[in-house]
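S.K.: Predicted structure and sequence below. I'll ask about it afterward.
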Amino acid sequence: MDDVLSYEIIIREGDYEDGDRFEARVRELPNLLAYAKTYEDAYLEIQDLIAVTAESCAEDGKAMPKPLATGESIIC
């Protein structure tokens, strides 16, 4: 999917389960969450989840929400 980088990804650092330190979310897809030990892994994981969600929507004949942002990541 070409639009993966167009979605606004928000990555927060904190103490999460299993020793994960970073939580990644997508503003336009609030049900998607990814947890990882590093910022980079959280970023890659959420990108994969966006792509999988887009494929699933296409297979089901549903429209994927349009990106609202300019495709930047925010770390909190």
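M.R.: Received it, and whenever you're ready, just let me know what you need. Bear in mind that the values here come from a model prediction, so they are computed numbers and not experimental data.
S.K.: Quick check: closest non-adjacent residue to residue 18.
M.R.: The spatially closest residue to residue 18, leaving aside those adjacent along the chain, is residue 35, at 7.4 Å (Cβ to Cβ, 6 or more residues apart in numbering). Using the backbone N, CA and C atoms, a C-beta is placed for each residue, glycine as well.
S.K.: my guess is the one you found meets residue 25, correct?
M.R.: No. At 10.4 Å, residue 35 does not count as touching residue 25 under the criterion of Cβ atoms under 8 Å.
S.K.: Next, the contact list for the residue nearest the centre of the chain, please.
M.R.: Centroid check for the chain by Cα atoms, centre = their mean gives residue 46 as the closest residue, at 3.3 Å. The contact partners of residue 46, by Cβ atoms under 8 Å, 6 or more residues apart in numbering, come to 9, 11, 24, 25, 26, 32, 33, 34.
S.K.: Show the buried residues in these.
M.R.: Neighbour counting over the contacts of residue 46 (16 or more other Cβ atoms under 10 Å) leaves 9, 11, 24, 25, 26, 32, 34 as the buried ones.
S.K.: Out of those, which two sit at the greatest distance?
M.R.: 11 and 32 (12.5 Å; Cβ to Cβ).
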